[in-house]
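A.B. asks: model the following, please.
(chains A and B)
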Amino acid sequence: MRNLVVVGYGPAAHRLVETLVDRGFDGRITVIGEEPRPAYDRVALTSYLSGTSAEDLTYAVPPGVVTRLGSRVTAIDRAAGQVVTTTGREPYDVLVLATGSAPFVPPVPGAEHAFVYRTIEDLDAIRVAAKDAAEGVVVGGGLLGLEAADALRSLGLRTHIVEMSPWLMPRQVDEGGGAVLKSHIEGLGLRVHAGAGVAEVVHAGGRVTGLRKPDGTLLDAQVVVFSAGIRPRDELARAAGLAVGERGGVVVDAAMRTSDPAIYAVGECALVEGMIYGLVGPCNTMAEVAADRITGGSARFTGADLSTKLKLLGVEVAQFGAMSGALDVTYMDPVGGVYKKLFISDDARTLLGGICVGDAAPYAALRPFVGKELPAAPSDLLFSGAGAALDLPDEAQVCSCNNVCAGEVRAAVADRGVTDVPGVKACTRAGTTCGSCVPLLKQLLEKSGVEVSKSLCEHFAYSRAELFDIVRVRGITTFSELISQHGQGRGCDICKPAVASILASLHNGHVLDGERAALQDTNDHFLANLQKNGTYSVVPRIPGGEITPDKLIVIGEVARDFGLYTKITGGQRIDLFGARVEQLPEIWRRLVAAGFESGHAYGKALRTVKSCVGSTWCRYGVQDSVGLAIALELRYRGLRSPHKLKSAVSGCARECAEARSKDFGVIATEQGWNLYVGGNGGFKPRHADLLATDLSTDDLVRTIDRFLMFYVRTADRLQRTAAWLESLDGGLDYLREVIMNDALGICADLDAQMEQHVATYADEWRATLDDPEKLSRFVSFVNAPGVPDPSIVFGSERGQIRPVVAR
Amino acid sequence: MSWTQVCDYTVMLPERGVCALVDGEQVALFRTHDGEVYAVGNRDPFSGAYVLSRGIVGTRKDEPTVASPLHKQVFSLVSGVCLDEEAVSVPVHRVRVRDGLVEVSLSSRL
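C.D. replies: Prediction:
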């Protein structure tokens, strides 16, 4: 039996052992890593600071692989065929060096007080230091530097970026692209110092106080992070007498073999044809080549496509093929922050490469055409979407997140009868991660003869779910931004409220803030429900339907003093009708003073969580249904969604709360709670389906969190959960896979999104009462604020008012 | 032609309406995204309720519009014609901005 030892446990080592195990390698595999955990996703490292746990980032150790974590190799004894560690020796027949790289720290005074940005431990240290800091500097404006800057910004620091080159990301973009990138980043409040070096990290008493540039200027900062390139970790190879490059790196051939045929090197420590590769793609390829060779294959590493597409600080940046050419065509929109450039051969026929900043749509469509004849006029190719109309070759990648090619999508249509985008997603996983390729998928479907139109309205050629992904992935915060970049015209009563709802779901904040006020339907605009005569009704929240006599009296007094018609609703609340717009603030001042909050009866949002009286009083009840209903209502209050959301909790199987007629209903069992989803009354009644049984309260809440967020993300406009569930490909089983078994790997995201919602909820009415500007809109007549609308007339019926509309 | 001052231009939110009472007549005023101001009758002819000023402002084929907040019929802000049912329309009033003030002149009543 052969012993294979891997030194280093980063992503390249992981890919190597994973490939070996997949191929049935019959020897013993030992991986020695100096970090305290197995390999983890460094590309997603920044998400660690926004709540993704180290466990979530960490790759599973493939079965049968022995790991030595937190262990450092000090030497390679080639003569004995052993590696020497701090604790002993490990014999090898085949050795693979996957020692990676170390961040380059320039030898300036004080550099020892600065941080680097590579490992989870680095991030922990930065997070601790940021607690007492107000400002931070990142040295390095490349890909990693911008990630580090994003991290400092997310930790609340005023952040500077110092880059030696005259512009940011010099390896990916040219000067013009760099300028657009800079304006994006400065628009986020970061300061960019390009063409600047570092003279000194200034510190006093062990604490960093700033960074001095060579021209003498001082940037105040309590945290300094170096992210200015990498140096291959070749010290073990060097000491063992293996060939290394002049500027570092373990020299390997196309089979990834070092100068000792028993030793391979892969990843960032390997020097192939004079090149060190710092991107995950080529490093994975090297690992696969080495695994192939070790198992008797003849694969070769022949260089790598260094094309990059990524999103940093909310800005899309992409580069593919060459970064120069005899001819170039540039599209530049400094207002929209978009820069796109194509490089073309001197006969204007062959595409050589391209650069995109602010909109990377051409990347997916055009990268397959590098080195080939231009598929259309360059000016057409530069507009997003235009590229998607091309006849893509089968091998062209359409979804870079899940590595899906055009041919796979076509096969799904031809062989598996897929007819729509959700079908393509289910079949190929294309479009399930960032969603930016969905328009391309649509095009492919259309070209395959499938009729697709999910356009929201004449202003947007996208469905609500697609718009949601665009807003989420591109970090869009305003309707104007969305429609100017992804739509046409100025919107309508269909798309504006839909986008308002998306923005509210994603960013919370007040629905009447800034431009968002103009997007709202009149109900949301006046935070009340418009009735047939132009008056409004008011529904204070009564969580779980539980209310004290004192609060009940306040509602009665308010209704009496303002002459409102009063009715009990089906959701265990009280609706007060007949209020004129100018009365709404006065009514709410009284209600808020008595401790009431908005009930969101006017919004596409959570309405009510109804309950039966439960085990506290009922002789049949097995759980406290009222307590749970109140907790759920308070948790999800204010959550904006594609349509209204109703819920109920029953304390026993007798089901007095009618939970199975709700979007999500909970029924108590002896052991816990059963969760039902996708029910509604209304036009087409539907009983909710049983999603999970005997859940603990914590598991129940987590499952509902994910159910709601997945619905909010993917449903169509005005699609209740019942219709959504029925249209979901794979139905209830698929839903269970996604939200209970994390089949799409999005649960952490859904959880974080709900946590953010819960943490940022604020009562809309209280906030409105505190804001004179918002209050000033609550008038019937702008030129006569005190005058009531004379067209509003009431008659009377059964002792209360009723509207009279003159025809 | 007589003009009535109704409010500061800055009071009007872009892409939103306000209602003004001019000689007892309810006038719905709208400011569009390009800064233009339009005025139509506030009465929704379908329901009889005085609510058009509270509708959502938008465009249909580049024509500025407002949708009734009650049942969503869309009216042209330029012609007052209901684009979903062209036999129905609302009156259009003259409107201008002078020295930062919005002024309305009622169209003659038929």
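
A.B. asks: distance of A:P585 relative to chain B?
C.D. replies: For A:P585, the distance to chain B equals 16 Å [CB to the nearest CB, to the nearest Å]. In short, each C-beta sits where N, CA and C put it, glycine included.

A.B. asks: check contacts around that residue.
C.D. replies: When contacts are counted by CB atoms under 8 Å, 6 or more residues apart in numbering or on different chains, A:P585 touches A:768-769, A:775, A:778.

A.B. asks: switch to 7 Å and redo it
C.D. replies: By CB atoms under 7 Å, 6 or more residues apart in numbering or on different chains, the contact set of A:P585 is A:769, A:775, A:778.

A.B. asks: derive a ChimeraX selection command for the buried subset of those.
C.D. replies: Buried subset of the contacts of A:P585, written as a ChimeraX selection, criterion 16 or more other CB atoms under 10 Å in any protein chain shown:
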select /A:769,778
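
A.B. asks: now, which of the contacts of A:P585 sits nearest chain B?
C.D. replies: Nearest to chain B, judged by CB to the nearest CB, of the contacts of A:P585 is A:F778 at 11.3 Å.

A.B. asks: thinking again about what came up before, and the contacts of A:P585, which of them are in helices?
C.D. replies: Using DSSP state H, the members of the contacts of A:P585 that fall in helices are A:769, A:775.

A.B. asks: check the contacts of A:P585 against chain B, which are close?
C.D. replies: Residues of the contacts of A:P585 in contact with chain B (CB under 7 Å from any CB of the partner chain): none.

A.B. asks: mind putting the contacts of A:P585 in TSV, distance to A:V581 and pLDDT included?
C.D. replies: Converted to TSV, the contacts of A:P585 look like this (distance: CB to CB, whole Å; pLDDT from 0 to 100):
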residue	distance to A:V581	pLDDT
A:L769	15	96
A:L775	11	93
A:F778	5	94
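
A.B. asks: ok, the contacts of A:P585 vs A:I276, which is closest?
C.D. replies: A:L769 (61.1 Å; CB to CB).

A.B. asks: wait, what's in contact with A:T330?
C.D. replies: A:176, A:341.

A.B. asks: helix, strand or coil: sort out it for me.
C.D. replies: At A:T330, secondary structure determined by DSSP: H, G, I helix; E, B strand; the rest coil is strand.

A.B. asks: same check, this time on A:H160
C.D. replies: Secondary structure for A:H160, judged by three-state DSSP, is strand.

A.B. asks: how about the residues of chain B by chain A?
C.D. replies: Residues of chain B lying near chain A (CB under 7 Å from any CB): B:6-7, B:11, B:13-16, B:18-21, B:33, B:47-51, B:54, B:56, B:58-60, B:62, B:67, B:69-70, B:72.

A.B. asks: can we see that at 8 Å?
C.D. replies: Selection of chain B residues close to chain A by CB under 8 Å from any CB of the partner chain yields B:5-7, B:11, B:13-16, B:18-22, B:26, B:29, B:32-33, B:43, B:47-51, B:54-62, B:64-65, B:67, B:69-70, B:72, B:74.

A.B. asks: for the residue located most distally from the centre of chain B, give its distance to chain A.
C.D. replies: Distance from the C-alpha centroid of chain B peaks at B:D99, with 20.6 Å (CA atoms, centre = their mean). Plainly put, B:D99 is 16 Å away from chain A if you go by CB to the nearest CB.

A.B. asks: leaving out sequence neighbours, find the closest residue to A:T714.
C.D. replies: A:A465 (4.7 Å; CB to CB, 6 or more residues apart in numbering or on different chains).

A.B. asks: secondary structure element for A:S379?
C.D. replies: helix A:378-381 (DSSP states H and E).

A.B. asks: give me the buried positions along that helix.
C.D. replies: Quick answer for helix A:378-381 (16+ other CB under 10 Å): A:378, A:381.

A.B. asks: please name every helix or strand in contact with it.
C.D. replies: Helix A:378-381 sits against strand A:327-333, strand A:338-344, helix A:361-366, with contacts defined as 3 or more CB pairs under 8 Å, 6 or more residues apart in numbering or on different chains; DSSP states H and E.

A.B. asks: pull the CA atoms of that helix into CSV?
C.D. replies: Only the C-alpha atoms of helix A:378-381 are listed here, as CSV (Å, rounded to 0.1, in the frame of the first residue of the first chain):
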residue,chain,number,x,y,z
PRO,A,378,-18.9,45.1,-31.5
SER,A,379,-21.2,48.0,-30.5
ASP,A,380,-24.1,45.5,-30.3
LEU,A,381,-22.1,43.1,-28.2
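
A.B. asks: average pLDDT across it?
C.D. replies: In this model, helix A:378-381 has a mean pLDDT of 76.

A.B. asks: same check, this time on stretch A:354-366
C.D. replies: 83.

A.B. asks: and if you look at stretch A:221-234?
C.D. replies: The model assigns stretch A:221-234 a mean pLDDT of 93.

A.B. asks: which SSE is A:D699 in?
C.D. replies: helix A:697-714.

A.B. asks: helices and strands around that helix, which ones?
C.D. replies: Where contact means 3+ CB pairs under 8 Å, 6+ apart, helix A:697-714 is packed against helix A:464-474, helix A:625-636, strand A:664-668, strand A:673-677, strand A:689-695, helix A:721-727, helix A:731-740, helix A:747-760.

A.B. asks: pick the most buried one from the ones you listed.
C.D. replies: Highest mean neighbour count of the helices and strands packed on helix A:697-714: strand A:664-668, a mean of 27 (counted as mean count of other CB atoms under 10 Å in any protein chain shown).

A.B. asks: pull the CA atoms of the helix holding A:D699 into CSV?
C.D. replies: The C-alpha coordinates for helix A:697-714 follow below in CSV (Å, rounded to 0.1, in the frame of the first residue of the first chain):
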residue,chain,number,x,y,z
THR,A,697,-39.9,25.6,19.0
ASP,A,698,-36.4,26.6,17.8
ASP,A,699,-36.5,24.2,14.8
LEU,A,700,-40.0,25.4,14.0
VAL,A,701,-39.0,29.1,13.9
ARG,A,702,-35.9,28.3,11.8
THR,A,703,-38.0,26.4,9.3
ILE,A,704,-40.6,29.1,9.1
ASP,A,705,-37.8,31.7,8.6
ARG,A,706,-36.5,29.8,5.6
PHE,A,707,-39.9,29.0,4.2
LEU,A,708,-40.8,32.7,4.3
MET,A,709,-37.5,34.0,2.9
PHE,A,710,-37.4,31.4,0.1
TYR,A,711,-41.0,32.4,-0.8
VAL,A,712,-40.1,36.1,-0.7
ARG,A,713,-37.1,35.5,-3.0
THR,A,714,-38.8,33.3,-5.6
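
A.B. asks: brilliant, that's me finished.
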